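Trainee: Just to be clear, the model below is a prediction. Sequence and coordinates:
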Amino acid sequence: MAPRSVAVLALPGVQLLDVAGPLDVFAEANAQSGRDVYDLAIIGTEPGHIISSSGRGLVADLVAPGAELTRLDTLLVAGAPRIQELLIRADLLDWLRRAAGRCRRYGSVCSGAFLLGHAGLLDGRRVTTHWAVAEVLAERFPEATVEPDAICLFDGPLRTAAGVTAGLDLALALVEEDLGAEIARRVAAQLVMFFKRGGGQMQFSRRGVSAPTGRSALQEVQRWVATRPAEDHGVDRLAERAGMSPRHFARLFRAEAGLTPAAYVENVRIEAVRRLLETEDAPLKQVAGACGFRDADTLRRAFVRRVGTTPAEYRRRHAPA
């Protein structure tokens, strides 16, 4: 059987791990299989070295948009910091559309999804990307359904991965798709990575609570809540502090802060919980009380909804050893 041709498209400024991580997974699959299942290549966008975001260079095997890819099986687009701000050449996007149409599957790692979006390859698809740019991706390409908590998503021929190290998860999932779970497990063991990562990517989000926004009275209320998560922050109390009626306060808060008072309060409390889980070993009941939740069960439900994993699992993964 001829090797499957796998290529990673890398723009100048690419993040090295978005390229090297998936390629190492495919290379290890070759080693574990005892044969060359995958033929690997890096595609640049201009002759010469591809200078990465770390300043180190990659050597491209092919250059787009001139590269002929008649045998391409899988094409992945690597991400780069601030890729969403770049002006992408029309001839490169045209080449990407044609290349994606010729291969069995195509996809992206991290913010590489923006290139696929500009090429019209995300429309009507479920996709993911790095949590920090998921909102921008959704705004830029409204015909796509962006799922910001997902580690990897498969939709038809499209394969997308969350930020950076999720490229390894994506490549491992592709190996499992091609060669089965046993080979994929052996690859994961050799690379010391999870075969299936627990939880979604929002557990890694460090966005936290946004800086106070809106008119000064609303900002003062937001600062008050942020420094006192355990207190009663019902709408009536917050409205009284702002010197407004509850109805007017709730309407104004949503219009100027971009979310309801209740959602803001829960965001503050969840961030307080995360800090305690990362730094202390107090029982969950005690954490709940310190952060304004009625009990441990209420905290657990809110945490799973917001972070995508349980408090116990979050603490196990993120607290110091």
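Mentor: Good, I have the coordinates. Predicted model only: the values in this text are computed from it and were never measured.
Trainee: how about the nearest residue to Gly243, chain neighbours excluded?
Mentor: Ala217 (6.5 Å; CB to CB, 6 or more residues apart in numbering). Bear in mind the C-beta positions are built from the backbone N, C-alpha and C, glycine included.
Trainee: Can you classify the nearest residue to Ala282 once chain neighbours are set aside as helix, strand or coil?
Mentor: The spatially closest residue to Ala282, leaving aside those adjacent along the chain, is Leu276, at 6.5 Å (CB to CB, 6+ apart). With DSSP: H, G, I helix; E, B strand; the rest coil as the basis, Leu276 sits in helix.
Trainee: Contacts only, for Leu276.
Mentor: Neighbour list for Leu276: Ala282, Val287, Ala290, Cys291 [criterion: CB atoms under 8 Å, 6 or more residues apart in numbering].
Trainee: Try it again at 10 Å.
Mentor: Ala282, Leu284, Gln286, Val287, Ala288, Ala290, Cys291, Pro311, Arg315, Ala319 (CB atoms under 10 Å, 6 or more residues apart in numbering).
Trainee: Which one of those sits in the busiest neighbourhood?
Mentor: Ranked by the number of neighbours (other CB atoms under 10 Å), the contacts of Leu276 place Ala288 first, at 25 neighbours.
Trainee: That one reaches Arg294, doesn't it?
Mentor: Yes. Applying CB atoms under 10 Å as the test, Ala288 and Arg294 come out as touching, 7.4 Å apart.
Trainee: ok, back up a step: do you know how far the residue nearest to Ala282 is from Asp232?
Mentor: To Asp232, Leu276 is 20 Å away according to CB to CB, to the nearest Å.
Trainee: Just the CA coordinates for whichever strand or helix holds Ala272, please, in PDB.
Mentor: Element membership for Ala272, per DSSP states H and E: helix 261-279. The C-alpha coordinates for helix 261-279 follow below in PDB (Å, rounded to 0.1, in the frame of the first residue of the first chain):
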ATOM      1  CA  PRO A 261     -25.900  40.600  36.200                       C
ATOM      2  CA  ALA A 262     -26.500  37.000  37.200                       C
ATOM      3  CA  ALA A 263     -24.100  35.800  34.500                       C
ATOM      4  CA  TYR A 264     -21.500  38.300  35.600                       C
ATOM      5  CA  VAL A 265     -21.800  37.200  39.200                       C
ATOM      6  CA  GLU A 266     -21.400  33.500  38.200                       C
ATOM      7  CA  ASN A 267     -18.300  34.300  36.100                       C
ATOM      8  CA  VAL A 268     -16.700  36.000  39.100                       C
ATOM      9  CA  ARG A 269     -17.500  33.100  41.400                       C
ATOM     10  CA  ILE A 270     -16.300  30.500  39.000                       C
ATOM     11  CA  GLU A 271     -13.000  32.400  38.600                       C
ATOM     12  CA  ALA A 272     -12.700  32.500  42.400                       C
ATOM     13  CA  VAL A 273     -13.300  28.800  42.600                       C
ATOM     14  CA  ARG A 274     -10.600  28.100  40.000                       C
ATOM     15  CA  ARG A 275      -8.100  30.100  42.000                       C
ATOM     16  CA  LEU A 276      -8.900  28.100  45.200                       C
ATOM     17  CA  LEU A 277      -8.800  24.800  43.400                       C
ATOM     18  CA  GLU A 278      -5.400  25.600  41.900                       C
ATOM     19  CA  THR A 279      -3.800  26.800  45.200                       C
END
